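Undergrad: Below: sequence and its predicted model.
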Amino acid sequence: MKITILTLFPEMFQGPFDVSIIKRAKEKKLVEIAYINIRDFGIGKHKLVDDTPYGGGKGMVLRVDVLHKAIEKARDKKLKKNVQKVVLLGAHGKTYNQKKAEDFSKLKHLIIICGHYEGFDERIKNFVDEEISIGDFILTGGEIPAMLITDSVIRLIKGVLSDGSAALESFSPFLEHPQYTKPQEYEDLSVPEILLSGNHKLIDVWRKKESEKITFKLRPDLIK
């Protein structure tokens, strides 16, 4: 799989993707992460990427012509539309979740556009497949959301994690069951006896019930 990130600040990604699981995924050639600097498509000798909003107002708006050129540069013309997706990061988008991460992980090419300043010229939405938000709060730009999405997608790619481990995590579809490790006793707090029984069939049943119980209590919105 390939993930291409369109950003004004590619240097922000130095470090987060060079350690741990993502680093190993890149080394195994399971994923390729590429960056396109939006400013490379800027206007004039000063490479302008934004301008003042029509109708007045504070801040600057990213230009549709600049962004469209960057998208076309990123797009792989050899791939069919159903295996390549262009995603705009913005407050108007649907809230990102684990199901969306699973959908993205099945693509051959995911293109993520990071916003900045006061947002995008609205017309850019005619050239993307969908808009995604990571929550009801405002950030300086789309770089951190792009990191979150990239991380959540890569760990679902076959071969990145141990077989089946991702299926046991939270939001698949319930919250994950409680986990315990040594010491067995700590300040009158004990590990549940069932986990010490060695009966893995009963342990699996217990974990499933605990997972459902926690989800109903803490996140009933996840239950269909």
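TA: It's in.

Undergrad: any idea how far the longest helix along the chain is from the chain center?
TA: If you go by DSSP state H, the chain has its longest helix at helix 200-218. Put simply, helix 200-218 sits 27 Å off its chain's centre (CA atoms, centre = their mean, to the nearest Å).

Undergrad: And the contacts of it?
TA: Here helix 200-218 makes contact (CB atoms under 8 Å, 6 or more residues apart in numbering) with 174-178, 192, 194-195, 197, 222-223. From N, CA and C alone the C-beta is placed, and that goes for glycine too.

Undergrad: and the nearest residue to residue 105 once chain neighbours are set aside, how many neighbours?
TA: Nearest residue to residue 105 in three dimensions, chain neighbours excluded: residue 156, at 3.8 Å (CB to CB, 6 or more residues apart in numbering). Using other CB atoms under 10 Å, residue 156 has 20 neighbouring residues.

Undergrad: mean confidence for the longest helix of the chain?
TA: Helix 200-218 comes out with an average pLDDT of 95.

Undergrad: ok, and for it, which residues are buried?
TA: If you call a residue buried by 16 or more other CB atoms under 10 Å, then helix 200-218 has these buried ones: 203, 206-207, 210-211, 214-215.

Undergrad: Kindly report the same for stretch 14-26.
TA: For stretch 14-26, by 16+ other CB under 10 Å, it's 16-17, 22, 25.

Undergrad: Closest one of those residues to residue 109?
TA: Among these, residue 25 lies closest to residue 109 (CB to CB), at 15.7 Å.

Undergrad: before we move on, which element is the most centrally placed residue in the chain in?
TA: Residue closest to the mean C-alpha point of the chain, counted by CA atoms, centre = their mean, is residue 149 at 0.9 Å. Per DSSP states H and E: residue 149 is located in helix 143-154.

Undergrad: hey, C-alpha coordinates of that helix in CSV?
TA: Provided in CSV are the C-alpha atoms of helix 143-154 (Å, rounded to 0.1, in the frame of the first residue of the first chain):
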residue,chain,number,x,y,z
GLU,A,143,-0.7,17.3,9.7
ILE,A,144,-1.4,15.7,13.1
PRO,A,145,-4.7,14.3,11.9
ALA,A,146,-2.8,12.8,8.9
MET,A,147,-0.4,11.1,11.3
LEU,A,148,-3.3,9.6,13.3
ILE,A,149,-5.0,8.3,10.2
THR,A,150,-1.8,6.9,8.7
ASP,A,151,-0.9,5.1,12.0
SER,A,152,-4.4,3.6,12.3
VAL,A,153,-4.4,2.4,8.7
ILE,A,154,-0.9,0.9,8.6
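
Undergrad: which other residues reach the next helix-or-strand element following that helix?
TA: As assigned by DSSP H and E, the chain's next helix or strand after helix 143-154 is strand 185-186. The contact list for strand 185-186 (CB under 8 Å, 6+ apart) reads residue 191.

Undergrad: got a list of contacts for whichever helix or strand comes after strand 185-186?
TA: Using DSSP H and E, the next helix or strand after strand 185-186 towards the C-terminus is strand 189-190. Strand 189-190 is contacted from outside by residue 184, using CB under 8 Å, 6+ apart.

Undergrad: What's the mean pLDDT across strand 189-190?
TA: pLDDT averaged over strand 189-190 gives 96.

Undergrad: Equivalent analysis for stretch 42-56, please.
TA: Mean pLDDT, computed over stretch 42-56, is 95.

Undergrad: Quickly run through the sheet partners of the longest strand anywhere in the chain, with directions.
TA: Ordering each strand of the chain by length in residues (DSSP state E) puts strand 84-95 first. As defined by DSSP bridges, the strand partners of strand 84-95 come to strand 109-113 (parallel), strand 130-133 (parallel).
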